[in-house]
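Participant: Predicted model and sequence below, questions to follow.
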Amino acid sequence: MTPAIEADGLHRTYSGGFEAVGGISFTVPRGEVFALLGTNGAGKTSTVELLEGLAAPTGGTARVLGHDPYRERAAVRPRIGVMLQEGGFPSNLTVAETVRMWAGCTSGARPVGEALAAVGLTDRARVRIKQLSGGERRRLDLALALLGRPEVLFLDEPTTGLDAEGRRDTWDLVRRLRDEGTTVLLTTHYLEEAETLADRLAIMHRGRIVTSGTPAEVTAARPARIRFRLPEGTGHERLPLGLKAAAYGRRVEIRTYDLQEALGELLGWARAADVRLEELDARSASLEEAFLEIASRADDLTGGLAEAPGGLATAPARPHAHEEAR
Ligand SMILES: Nc1ncnc2c1ncn2[C@@H]1O[C@H](COP(=O)(O)OP(=O)(O)OP(=O)(O)O)[C@@H](O)[C@H]1O
């Protein structure tokens, strides 16, 4: 089966000569949720628009369901759903009227009630668009994107402006759609969203993919950390020499690539020395830490990326103790 989405050396240069997408490649198999992350202006929307067929790439190729989304738009458009960052609707129409109007232009559309229920807007069906909150508009954008039961759904920042409950509802909906076989490509600034939803993800910076893989692969190259507070009168110089720790007053932070080993050493020492470690907290690297590290170092990296096993371009990770322990 052809993949749902294939980007091969995609470039997009705007008319002023600015290169927003500088040759990126990735493949999304059918039925997968793929997240594009990146700093502001990294080129996520510029990329998604190429895949949606809204513009032609200046280099490379895009394929959606085996077709060129720009040249073969008529073949692709009925099979995809698009949620834009800003959907513009006539503000005097009600929610239900808007969905009905959209359904009239969509073959095989879901019933209006089903689309509204899917995004939790049933109670707002009779409300005019201009009276909707920002979050409710976002939900309406989503209802319209999934109206035609698309095989591939493009969601550009689907949960921006939603409250915590709305965000979780959207995540549940995306999971349900994926379980039904829909392929989803989403862009997001919420790393937790990518971590919980995405089967695979790519982090973009300045038009290039800096890292890609499963959330676990992307975080695996980053160190875990252990934090605790030493009791009054116990100096951090008493810690075992094997543990590279940074101390800030009584607070101590240890960065390690072998969490089990470091934690074992620390607890063994604490027991032997009869030291109580206050507020002990140990955790593997999160996507957020990986992202922040990549964003802060990507400028040095562009041009010098290492290809890691599995075809992942990863930022070289090195063990280091943090200067500041929060
Ligand atoms: N029509 C345009 N003409 C010229 N430059 C553009 C145009 N549209 C976008 N850009 C520039 O291209 C770069 C990438 O923009 P894009 O919107 O794709 O980034 P993004 O990753 O989606 O950003 P954000 O997270 O801020 O939404 C930005 O520097 C932007 O200013």
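Facilitator: Looks like it arrived, so ask away. Note that this is a predicted model, so its numbers are computed, not measured.
Participant: Same question for stretch 218-237: list its buried residues.
Facilitator: Under the neighbour-count criterion of 16 or more other Cβ atoms under 10 Å, stretch 218-237 has 218-219, 221-230, 234 buried. Every residue, glycine included, has its C-beta placed from N, CA and C.
Participant: could I get these as TSV with pLDDT and secondary structure?
Facilitator: Output for those, formatted as TSV (pLDDT from 0 to 100; DSSP: H, G, I helix; E, B strand; the rest coil):
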residue	pLDDT	secondary structure
218	89	helix
219	87	helix
221	76	coil
222	83	coil
223	86	coil
224	89	strand
225	90	strand
226	94	strand
227	95	strand
228	96	strand
229	95	strand
230	94	coil
234	87	coil
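Participant: Now distance to the ligand too, for the residues you listed, in JSON lines please.
Facilitator: Compiled in JSON lines, these are given as follows (distance: Cβ to the nearest ligand atom, whole Å):
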{"residue": "218", "distance to the ligand": "18"}
{"residue": "219", "distance to the ligand": "21"}
{"residue": "221", "distance to the ligand": "23"}
{"residue": "222", "distance to the ligand": "22"}
{"residue": "223", "distance to the ligand": "27"}
{"residue": "224", "distance to the ligand": "29"}
{"residue": "225", "distance to the ligand": "27"}
{"residue": "226", "distance to the ligand": "33"}
{"residue": "227", "distance to the ligand": "31"}
{"residue": "228", "distance to the ligand": "36"}
{"residue": "229", "distance to the ligand": "37"}
{"residue": "230", "distance to the ligand": "41"}
{"residue": "234", "distance to the ligand": "46"}
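Participant: Closest to the centroid, which residue in the chain?
Facilitator: Centroid-nearest residue in the chain, with Cα atoms, centre = their mean: residue 194, separated by 3.5 Å.
Participant: Which residues are in contact with it?
Facilitator: 35, 37, 188, 201, 215, 287 (Cβ atoms under 8 Å, 6 or more residues apart in numbering).
Participant: I'd like those laid out as TSV, including neighbour count and pLDDT.
Facilitator: What follows is the contacts of residue 194, written out as TSV (neighbours: other Cβ atoms under 10 Å; pLDDT from 0 to 100):
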residue	neighbour count	pLDDT
35	25	97
37	29	94
188	22	93
201	26	96
215	20	92
287	23	87
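Participant: Pull the most distant pair out of those residues.
Facilitator: 188 and 215 (12.4 Å; Cβ to Cβ).
Participant: Tell me which of the contacts of residue 194 fall in helices.
Facilitator: 215, 287 (DSSP state H).
Participant: which residues sit in contact with the residue lying closest to residue 198 once chain neighbours are set aside?
Facilitator: Once flanking residues are discounted, residue 198 sits nearest to residue 35: 3.8 Å by Cβ to Cβ, 6 or more residues apart in numbering. Residues in contact with residue 35 (Cβ under 8 Å, 6+ apart) are 185, 186, 187, 188, 193, 194, 197, 198, 200, 201, 202.
Participant: The third one reaches residue 48, doesn't it?
Facilitator: It refers to residue 187. Yes - with contact defined as Cβ atoms under 8 Å, residue 187 reaches residue 48; the gap is 6.1 Å.
Participant: anything in contact with each of these two?
Facilitator: Residues touching both residue 187 and residue 48 by Cβ under 8 Å, 6+ apart: 36, 156.
Participant: Roughly how far does the residue nearest to residue 198 sit from residue 243?
Facilitator: 35 Å (Cβ to Cβ, to the nearest Å).
Participant: repeat for residue 107
Facilitator: 63 Å.
Participant: between those two, which one's more packed in?
Facilitator: residue 243 (19 against 8; other Cβ atoms under 10 Å).
Participant: Excluding sequence neighbours, find me the nearest residue to the more buried one.
Facilitator: With sequence-adjacent residues excluded and distances taken as Cβ to Cβ, 6+ apart, residue 243 is closest to residue 254, at 5.4 Å.
Participant: what about the helix or strand containing that neighbour, distance to the chain center?
Facilitator: Element membership for residue 254 (DSSP states H and E) is strand 251-256. Relative to its chain's centre, strand 251-256 lies at 28 Å (Cα atoms, centre = their mean, to the nearest Å).
Participant: who's in contact with the following helix or strand past it?
Facilitator: Moving toward the C-terminus from strand 251-256, the next helix or strand (DSSP H and E) is helix 259-273. Helix 259-273 has contacts (Cβ under 8 Å, 6+ apart) with 224, 226, 238-240, 242-243, 254, 256, 275-277, 282, 284.
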